[in-house]
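*Asks:* Return atomic coordinates for the entry below.
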Amino acid sequence: TVWATDKNLEIHLIANGEIPASHSGEKWDVGDTIYDIFNTKDPKDRAVAAHLRALEGKESEVRLKGEFENMLLRVSPLADESGQNLGCVSVLQAVGA
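*Replies:* Here you go, the predicted model:
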């Protein structure tokens, strides 16, 4: 699953691949935030922290834990042609155990 967020980490675009755009019965949708998707308010959560680093201009890749175990998340900054950060682009994929 791939999504793009704004600087407030609200999803504005979501595209689905092999992984359904839902998890544990929760449908992910435009307008949800990264905090909603990963069911946390903790900025130190691996997924949230990766998005916060992208807002600082740093790409990262993290192996998730807990209910998202066996998932790899890659988060990149999304910038306009002048280099101003607009948000993040994220790719979530299943990986082997």
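*Asks:* which parts of the helix or strand containing Arg53 are buried?
*Replies:* Using DSSP states H and E, Arg53 falls within helix 46-55. Within helix 46-55, the residues scored as buried using 16 or more other Cβ atoms under 10 Å are Arg46, Ala47, Val48, Ala50, His51, Leu52, Arg53, Ala54, Leu55. Glycine gets a C-beta too; all of them are placed from N, C-alpha and C.
*Asks:* From the contact counts, what lies against that helix?
*Replies:* Identification of packing neighbours for helix 46-55 by 3 or more Cβ pairs under 8 Å, 6 or more residues apart in numbering; DSSP states H and E yields helix 34-37, strand 60-63, strand 71-79, strand 85-94.
*Asks:* sorry, back to before: closest to Phe38 out of the buried residues of helix 46-55?
*Replies:* Ala47 (4.5 Å; Cβ to Cβ).
*Asks:* Am I right that that closest one is in contact with Asn39?
*Replies:* No: contact criterion Cβ atoms under 8 Å: Ala47 and Asn39 do not qualify, at 9.9 Å.
*Asks:* Specify the local secondary structure of Asn8.
*Replies:* What DSSP: H, G, I helix; E, B strand; the rest coil gives for Asn8 is coil.
*Asks:* and the angle for the helix holding Arg53 with strand 85-94?
*Replies:* Helix 46-55 runs at 150 degrees relative to strand 85-94, counting by axes from the mean of the first three to the mean of the last three Cα atoms, to 10 degrees.
*Asks:* Looking at helix 46-55 now, give me its mean pLDDT.
*Replies:* On average, the pLDDT along helix 46-55 is 96.
*Asks:* Before I go, just wanted to say thanks for your time.
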